[in-house]
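Novice: Just a sequence and a predicted model for now, questions to come.
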Amino acid sequence: MNIIPLIIYAAELTLASIILFYVIEMLTIPANIKRVCQALIILIASLSVLGFLLGSQPPPASHVGPLFPNSPTNPSSIR
């Protein structure tokens, strides 16, 4: 198992979780709802790292971004 990708993945999730944790703290909702949302963020991050350790990562996206102009999958009607 490669430890460097695991550390990078955990660091990304930790940073995102910290940001979301404090964004929820700034919302004007009841305190008990805030705690439930914050607990869910921590749970999701923990389960994601555990899933990464067990090797069940989500599949990578096949193509992200706009299609190339005039490609066979995107024929241009304007010439």
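Specialist: Perfect, thanks for sending it. Residues are numbered from 1 along each chain as shown.
Novice: Which stretches in the protein count as helices?
Specialist: Secondary structure of the chain, counting by DSSP state H: helices at 3-26, 31-54.
Novice: Which strands or helices does the last one pack on?
Specialist: I take that to be helix 31-54. For helix 31-54, the packing partners by 3 or more CB pairs under 8 Å, 6 or more residues apart in numbering; DSSP states H and E come out as helix 3-26. Yep, even glycine has a C-beta here, placed from its N, CA and C like the rest.
Novice: Tally up the residues packed near residue 17, please.
Specialist: Here the number of neighbours of residue 17 (other CB atoms under 10 Å) works out to 17.
Novice: That one - nearest residue in space that isn't next to it in sequence?
Specialist: residue 45 (4.4 Å; CB to CB, 6 or more residues apart in numbering).
Novice: if I look at that neighbour, how far off is residue 28?
Specialist: Noted for residue 45: a distance of 24 Å to residue 28, by CB to CB, to the nearest Å.
Novice: Looking at those two, which is more packed in?
Specialist: More crowded of residue 45 and residue 28, by other CB under 10 Å: residue 45, with 19 against 5.
Novice: what's that one in contact with, if anything?
Specialist: 13, 14, 16, 17 (CB atoms under 8 Å, 6 or more residues apart in numbering).
Novice: sorry, back to before: per-residue pLDDT of the residue nearest to residue 17, please?
Specialist: Listed pLDDT for residue 45 reads 84.
Novice: Isn't residue 49 up against residue 10?
Specialist: Yes - counting by CB atoms under 8 Å, residue 49 touches residue 10, with 5.2 Å between them.
Novice: Can you tell me which of the contacts of residue 45 are buried?
Specialist: Listed as buried from the contacts of residue 45 are 13, 17; burial here means 16 or more other CB atoms under 10 Å.
Novice: now residue 42: how far from residue 52?
Specialist: 16 Å.
Novice: Specify which residue of these two has the higher count of neighbours.
Specialist: Per other CB under 10 Å, whichever of residue 42 and residue 52 has more neighbours is residue 52, with 17 against 12.
Novice: wait, isn't the more buried one in contact with residue 6?
Specialist: Yes - counting by CB under 8 Å, residue 52 does reach residue 6; the two are 6.3 Å apart.
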